[in-house]
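**Student:** here is a sequence together with a model predicted from it:
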Amino acid sequence: MSAPSDTDTASMSGMSSMGSEPLGIPMQRMGSGTSWVPDVTTMHASLIPVGGWSVMLHGLAFVQYDNQGTRRGDRQFGSVNWGMLVAGHLLAGGRLNLRGMMSAEALTVGARGYPLLLQSGESYRGQPLYDRQHPHDLFMELAAMYDHAVGDNLAVSLYAAPVGEPAIGPVAFPHRPSAANDPLAPIGHHWQDATHISFGVITGGIYTRTVRLEGSIFNGREPDQIRTNFDFKGRSLDSYAGRLTVNPSESWSLSGSYAYLKSPEQLRPEESVHRISASALYGRPFGVSGNLASAFIYGANKHAGQTSLSNSLLAESNLVIDQRNTVFGRAEFVQKGPEDLPTSSTTTAAPALAQGAAGGILAMVDPSSSSPYNLGEMTLGYVREVTSVYGGSLGLGVAGTVNMVPSTLKATYGTRVPLGATVFLRLRPGTMHMRMHAPTNAHAKVN
């Protein structure tokens, strides 16, 4: 047999690095930013060797008709989407990963985002966004991550990103296996994982095959309404976070985090936020060709000047029954203050009502009150895979949501149980099948 050429050797080198990270940790464990998910996670991506590099193409696109048809709701035809490229290479005894992720949502759902009852966070034209989910920025991530083993069961990592995700909360919802077929964001997004786009992040970490401890410094300001630029002006790495993650088995990923966010909201620059979170992600095969992915998440914010936490809870699951059929669901409880909802503060004794900017009626509240509103939502959906498209899969889906508001907000929403529904097409890459290569250390786990 003839000796391999330089091109063949480079290709084999790229292939040998495709299956795992340092310590033999499988690529499937890598979530958004530096987060971990269960090892049994099913990845939908294309993975190819290019010279000595391994290149992964990843993404998701929904084309949806979103009907949030109540007094505060709206209707919209649009697209929620993102695409990602990761290039990995062995370097100086470790592994370098370069990441780029982009979204066209500023064009496909518009600068105000898409209708989503009870959602809050960020702003548009100097006004807070209520009952809408803001679009993602054009540049969602531009980052470099380097991992290097320093022992048989110990490695260090450094993540640097002009645009990226600090070590806060669980994996961000667009990348969460349990949310893979739901086109709409959780209403507790800004209590749990809203900092997955930050313009300036540095994260250092140390980890074994089962435990990861990391800390971040980052720009705590959330993106502005101009979704195509870089929000560096007047800001610095002024916030910090720490996260501990434990993967005790291939089916579980447990994490807890704390973060201090300096002046995250443009409209309330004097307010800083303390955020804590805890999460449990679970996955396992189901039947012959299916799988189950679930998430249980707690997130809480404490604003400057407040003495108590505003809390959120989320439980969601995505059950792939077989190669054609998937059901998914989500249940949430969130405590939101008057500043997070379409209320109008007044000192008028009479219970007057005011017309809202979005056409709805605004509930009147005592401006001195800081008592939170207890909100809830439950979503159930179904996706049917209808055809293959360029090696990917096109699915047709539908989801319905029942929201729950207290009696004090009934006048605002017209009912205590406002409803929403979404019909969508979902396009994603096919399932990534990788031959896992055993690491050099005999004790390392192979998926």
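**Tutor:** Everything's here; your move. This structure is a prediction, so every number in the text was calculated from the model and none was measured.
**Student:** avg pLDDT for the helix or strand that contains residue 299?
**Tutor:** Element membership for residue 299, per DSSP states H and E: strand 290-303. For strand 290-303, mean pLDDT is 96.
**Student:** parallel or antiparallel, list what pairs with that strand.
**Tutor:** Its sheet considered, strand 290-303 pairs with strand 273-286 (antiparallel), strand 310-320 (antiparallel) by DSSP bridges.
**Student:** okay, now residue 151: neighbour count?
**Tutor:** 10 (other CB atoms under 10 Å). (Glycine included, C-beta is placed from N, CA and C.)
**Student:** specify the beta-bridge partners of it.
**Tutor:** Note on residue 151: beta-bridge partners by DSSP bridges are residue 154.
**Student:** against residue 295, how distant is it?
**Tutor:** 32 Å (CB to CB, to the nearest Å).
**Student:** just the strands paired with strand 290-303: most buried one?
**Tutor:** Of all the strands paired with strand 290-303, strand 310-320 carries the top mean neighbour count, a mean of 21, counting by mean count of other CB atoms under 10 Å.
**Student:** convert that one to CSV, retaining C-alpha atoms only.
**Tutor:** Only the C-alpha atoms of strand 310-320 are listed here, as CSV (Å, rounded to 0.1, in the frame of the first residue of the first chain):
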residue,chain,number,x,y,z
SER,A,310,-38.8,37.9,40.9
ASN,A,311,-38.9,34.2,40.1
SER,A,312,-39.5,32.0,37.0
LEU,A,313,-40.0,28.3,36.5
LEU,A,314,-40.0,26.4,33.2
ALA,A,315,-40.6,22.8,32.3
GLU,A,316,-40.5,21.7,28.6
SER,A,317,-40.1,18.5,26.6
ASN,A,318,-39.5,17.5,23.0
LEU,A,319,-40.5,13.9,22.3
VAL,A,320,-39.5,12.5,18.9
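**Student:** next structured bit after that strand?
**Tutor:** strand 325-336.
**Student:** so which bits of that following strand are buried?
**Tutor:** By 16 or more other CB atoms under 10 Å, the buried positions in strand 325-336 come out as 326, 328-330, 332-336.
**Student:** angle of it against strand 310-320?
**Tutor:** 180 degrees (axes from the mean of the first three to the mean of the last three CA atoms, to 10 degrees).
**Student:** check which helices and strands strand 325-336 sits against.
**Tutor:** On a contact count with 3 or more CB pairs under 8 Å, 6 or more residues apart in numbering; DSSP states H and E, strand 325-336 meets strand 114-124, strand 310-320, strand 373-389.
**Student:** how about 7 Å then?
**Tutor:** With contacts taken as 3 or more CB pairs under 7 Å, 6 or more residues apart in numbering; DSSP states H and E, strand 325-336 sits against strand 310-320, strand 373-389.
**Student:** orientation of the first one relative to strand 373-389 in degrees?
**Tutor:** Meaning strand 310-320. 20 degrees.
**Student:** what does strand 310-320 rub up against?
**Tutor:** For strand 310-320, contacts defined as CB atoms under 7 Å, 6 or more residues apart in numbering pick out 177-181, 186, 188, 191-192, 286, 290-301, 326-337, 372.
**Student:** measure how far that strand is from the centre of its chain, please.
**Tutor:** 12 Å (CA atoms, centre = their mean, to the nearest Å).
**Student:** ok so, going back, buried set for the strand holding residue 299?
**Tutor:** Applying 16+ other CB under 10 Å to strand 290-303 flags 290-301, 303 as buried.
**Student:** kindly report the same for stretch 113-130.
**Tutor:** Buried residues in stretch 113-130, counted by 16+ other CB under 10 Å: 113-124, 128-130.
**Student:** now do the end-to-end distance for stretch 145-165.
**Tutor:** For stretch 145-165, the first-to-last residue distance is 12 Å (CA to CA, to the nearest Å).
**Student:** helices or strands up against the host helix or strand of residue 107?
**Tutor:** Here residue 107, judged by DSSP H and E, is contained in helix 105-108. Helices and strands touching helix 105-108, by 3+ CB pairs under 7 Å, 6+ apart, are strand 75-91.
**Student:** any idea of the angle the strand it packs on forms with strand 114-124?
**Tutor:** 70 degrees.
**Student:** would you tell me what the next helix or strand after strand 75-91 is?
**Tutor:** Sequence-wise, the next helix or strand downstream of strand 75-91 (DSSP H and E) is strand 94-102.
**Student:** buried set for that next one?
**Tutor:** Result for strand 94-102 [16+ other CB under 10 Å]: buried residues 94-99, 101-102.
**Student:** before we move on, what about stretch 201-215?
**Tutor:** With burial defined by 16+ other CB under 10 Å, the residues of stretch 201-215 counted as buried are 201, 203-205, 207-209, 212, 214.
**Student:** in those, find the pair that's most separated.
**Tutor:** 201 and 209 (24.9 Å; CB to CB).
**Student:** number of nearby residues for residue 379?
**Tutor:** Neighbours around residue 379, by other CB under 10 Å: 21.
**Student:** what does the pLDDT read for it?
**Tutor:** For residue 379, the predicted pLDDT is 98.
**Student:** give the contact list for it.
**Tutor:** With CB under 7 Å, 6+ apart, residue 379 has these contacts: 182, 329-330, 399, 401.
**Student:** ok, residue 421 to residue 302 distance?
**Tutor:** 35 Å.
**Student:** out of the helices and strands packed on strand 325-336, nearest to residue 278?
**Tutor:** strand 310-320 (10.3 Å).
**Student:** helix or strand with the lowest mean pLDDT in this structure?
**Tutor:** Lowest by mean pLDDT, DSSP states H and E among the helices and strands of the chain is strand 354-355, with a mean of 36.
**Student:** any idea how far residue 197 is from the spatially most central residue of the chain?
**Tutor:** Centrality entry for the chain: nearest residue to the mean C-alpha point is residue 172, 2.0 Å, by CA atoms, centre = their mean. Using CB to CB, we find residue 172 at a distance of 9 Å from residue 197.
**Student:** again with residue 211
**Tutor:** 27 Å.
**Student:** residue 316 too?
**Tutor:** For residue 316, the distance to residue 197 equals 21 Å [CB to CB].
**Student:** contacting residues around the residue lying closest to residue 158 once chain neighbours are set aside?
**Tutor:** Leaving aside its chain neighbours, residue 158 sits nearest to residue 146 (5.2 Å; criterion: CB to CB, 6 or more residues apart in numbering). By CB under 7 Å, 6+ apart, residue 146 lies in contact with 94, 96, 157-158.
**Student:** flag the shaky bits of this structure, pLDDT-wise.
**Tutor:** Counting by pLDDT under 70, the chain contains low-confidence residues at 1-20, 344-370, 433-447.
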